[in-house]
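S.K.: Compute the structure for the input listed below.
(chains A and B)
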Amino acid sequence: MSARVLDIFRFRRKRTPLHALDPRAKFVMLVALSAASLALSDAVSLSALLAVEAALLAVAKSLREWARSLAGLSTLLLLIFALNFLTLPADRLFVAAAMTLRFLCLTTAFSIFFLTTTADELAAALEVSGVPREYSMMFTMSLRFVPSLARDLQTVADALKSRGFELEKGGLKERVRNYTYLLVPLIVYELRRSIMVAEALEARGFGAAKKVEPYVDLSLRARDYVAIAVSAIALCAVIWVVASGVYGSFVNQVRAYFPQL
Amino acid sequence: MALVELKGVRFRYAGSDRYALDGASLSAERGEFVLLVGPSGCGKSTLLRVLNGLVPHFYEGDFEGEARVAGLDVRSTPTHVLARHVGMVFQDPENQLFLSSVEREIAFGLENLGLPRAEVRRRVREVLKEFNLESIKDRAPYELSGGQQQKVAIASVMALEPEILALDEPTANLDPLSALEILSLVKRLTSEKGVLALVVEHRLELALKFATRMVVMLDGRIVADGAPRDVLLRTGSIVGYPPVVVTHLLLKRRGLAEGSIPLTSEELARAVIGRWATRYS
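M.R.: Modelled structure (predicted):
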């Protein structure tokens, strides 16, 4: 299940307007969407937000990937709903539904960003924004080596299992102990890998020049400015609606509409 | 002075009491294809690491002797300077490809040198064309087959236009056909561009036919160095005889083949045909 959940954040190369957008424009969009997810607290407006996000995913031709990963996420969503529903003193259904939707909206906002932005683009955006190359590279690499780490984990687990070691055996305490057996060789494995990666970086002159011009030419085009402007306006609108109290009275109205919840 | 000039190099990794290199001397010139063989742990990889200064800069330890590469003293030249002269390719392609597209991968080394973007773009285009990678330039390296990955790894270091190419078991993770392809590519670079290739390789049956020279190492020392055929004759007991040589030996003992030991199956066939021609003429 865990790997499928992460699929929601894995980049897929496609030719869509959203993929072509500058990563900085997409970042502003992400900020606006996340801020809206956190600011809104009723199921009706969060559903509307989710609809906007779904429309963006449709533009990015990524609805199917998103929906598929959602199946893996459903346990977590149910858990959030159940915990809220069972522990709240009042307005249980109303708030529990809103919290679940909020989590979904927030995850989807990040999903839109990561499904359409490569690690390289992101790193280039960081570099252009003044983050040192060492750090942006660290970021790229940490994303790049996730699949390798997953495979190494599988290799070590298989090696242990093929010698008769039962990882999933016993109670919680025993399982935790079992996983430390898995962890030690894995750490050794990854340390060795990191040395090899460092060697390869050295061999390609990493760190040779103080000033590096990134290969990806990031220049904001008209559509990027439009995306940034729309996101910024949306962000301001959400802030205004919440701060001015308009939103509060809206929520009260919604609540009054469903008195039994 | 030769392009690579090692004189009595001794090196002991920090924390180890054994010398990984114990008085290795080697001198090599442009255009050579040097096959470096020997049992595991004999110091082959360490020798390659001396070339671009990973030893003694990245791996610290006791370094004695003299090592000059492209006229530069390895001990006082940082690896990123030597990287312009020595392209290093490692065994596992996965650990040397970091970026999300082949094109970016090739640009990476050039970027690191601080070249202007237009210049980087131009060289990337050339390299993509030269290595026939244009059709996969947008693919992510980790989506490619092992052979293609290793090809990208070679292309990405060749983008820096080094005179020396050092490959540490470049075909260990590859199937025989891809391995053959990679070694022919290296051979082409030596004969067409005059690159000096130093290749650590265990699969003699694949690599021998490309080599112009064979160097055998044992316990940190170079125990044989010369034409592949001669070296193989002298040190077969250390490095093992490839199947063609064994077959030739058996056939010769029964009077079914003639001549010196073959390095390829074509040569073996010729040795057998030659024997039959002399018998029935």
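S.K.: Help me confirm that B:Pro162 comes into contact with B:Val195.
M.R.: Yes. B:Pro162 is within contact range of B:Val195, at 7.4 Å (criterion: Cβ atoms under 8 Å). Heads up, the C-betas are built off the backbone N, CA and C, glycines and all.
S.K.: For the stretch 51-200 of chain A, what lies in contact range of chain B?
M.R.: Within reach of chain B by Cβ under 8 Å from any Cβ of the partner chain, the stretch 51-200 of chain A has these residues: A:118-120, A:137, A:140-141, A:144, A:147-148, A:193, A:196-200.
S.K.: So, low pLDDT: which residues of chain A?
M.R.: A:1-6, A:259-261 (pLDDT under 70).
S.K.: give me that answer again for 90
M.R.: A:1-15, A:41-44, A:62-76, A:84-95, A:114-115, A:117-157, A:160-161, A:164-182, A:207-220, A:245-261 (pLDDT under 90).
S.K.: Tell me the secondary structure at residue 107.
M.R.: Picked chain A for this. helix (DSSP: H, G, I helix; E, B strand; the rest coil).
S.K.: From what I see, it and A:Leu73 are in contact.
M.R.: Yes. Checked against Cβ under 8 Å, the pair A:Thr107 and A:Leu73 is within contact range at 6.9 Å.
S.K.: Residues that sit against both of the two, list them.
M.R.: A:Ile8 (Cβ atoms under 8 Å, 6 or more residues apart in numbering or on different chains).
S.K.: can you pull the contacts of the closest residue to chain A within the stretch 1-150 of chain B?
M.R.: Relative to chain A, the nearest point of the stretch 1-150 of chain B is B:Gly114 (2.6 Å; Cβ to the nearest Cβ). Taking Cβ under 8 Å, 6+ apart, we find B:Gly114 in contact with A:Ala208, A:Ala209, A:Lys210, A:Lys211, A:Val212, A:Glu213.
S.K.: near chain B, which of those show up?
M.R.: Okay, of the contacts of B:Gly114 touching chain B (Cβ under 8 Å from any Cβ), that's A:Ala208, A:Ala209, A:Lys210, A:Lys211, A:Val212, A:Glu213.
S.K.: Spatially, what comes nearest to the residue of the stretch 1-150 of chain B closest to chain A if we skip its sequence neighbours?
M.R.: Once flanking residues are discounted, B:Gly114 sits nearest to A:Ala209: 2.6 Å by Cβ to Cβ, 6 or more residues apart in numbering or on different chains.
S.K.: For the chain, which residue occupies the most central location?
M.R.: Here I'm looking at chain A. A:Phe110 (4.0 Å; Cα atoms, centre = their mean).
S.K.: let's do chain B instead
M.R.: Centre-nearest of chain B using Cα atoms, centre = their mean is B:Val199, 1.6 Å out.
S.K.: Tell me which two of the residues of the stretch 51-200 of chain A next to chain B sit farthest apart.
M.R.: A:Thr118 and A:Glu199 (24.9 Å; Cβ to Cβ).
S.K.: quick check: longest helix of the chain.
M.R.: As the question left the chain open, I've gone with chain A. Identified as the longest helix of chain A according to DSSP state H is helix A:172-203.
S.K.: should've been chain B
M.R.: Under DSSP H, chain B gives helix B:176-193 as its longest helix.
S.K.: Output the contacting helices and strands for it.
M.R.: Counting contacts by 3 or more Cβ pairs under 8 Å, 6 or more residues apart in numbering or on different chains; DSSP states H and E, helix B:176-193 packs against strand B:33-37, helix B:146-158, strand B:164-168, strand B:196-200, helix B:204-207.
S.K.: A:Ala222 is nearest to which of those?
M.R.: helix B:146-158 (34.6 Å).
S.K.: Using PDB, list the CA coordinates for the closest one.
M.R.: Provided in PDB are the C-alpha atoms of helix B:146-158 (Å, rounded to 0.1, in the frame of the first residue of the first chain):
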ATOM      1  CA  GLY B 146      21.500  -1.300 -18.200                       C
ATOM      2  CA  GLY B 147      23.400  -1.000 -21.500                       C
ATOM      3  CA  GLN B 148      21.800   2.300 -22.400                       C
ATOM      4  CA  GLN B 149      22.500   3.600 -18.900                       C
ATOM      5  CA  GLN B 150      26.200   2.700 -19.100                       C
ATOM      6  CA  LYS B 151      26.300   4.400 -22.600                       C
ATOM      7  CA  VAL B 152      24.800   7.500 -21.000                       C
ATOM      8  CA  ALA B 153      27.300   7.300 -18.200                       C
ATOM      9  CA  ILE B 154      30.200   7.200 -20.700                       C
ATOM     10  CA  ALA B 155      28.700  10.000 -22.800                       C
ATOM     11  CA  SER B 156      28.200  12.100 -19.700                       C
ATOM     12  CA  VAL B 157      31.900  11.900 -18.800                       C
ATOM     13  CA  MET B 158      33.000  12.200 -22.500                       C
END
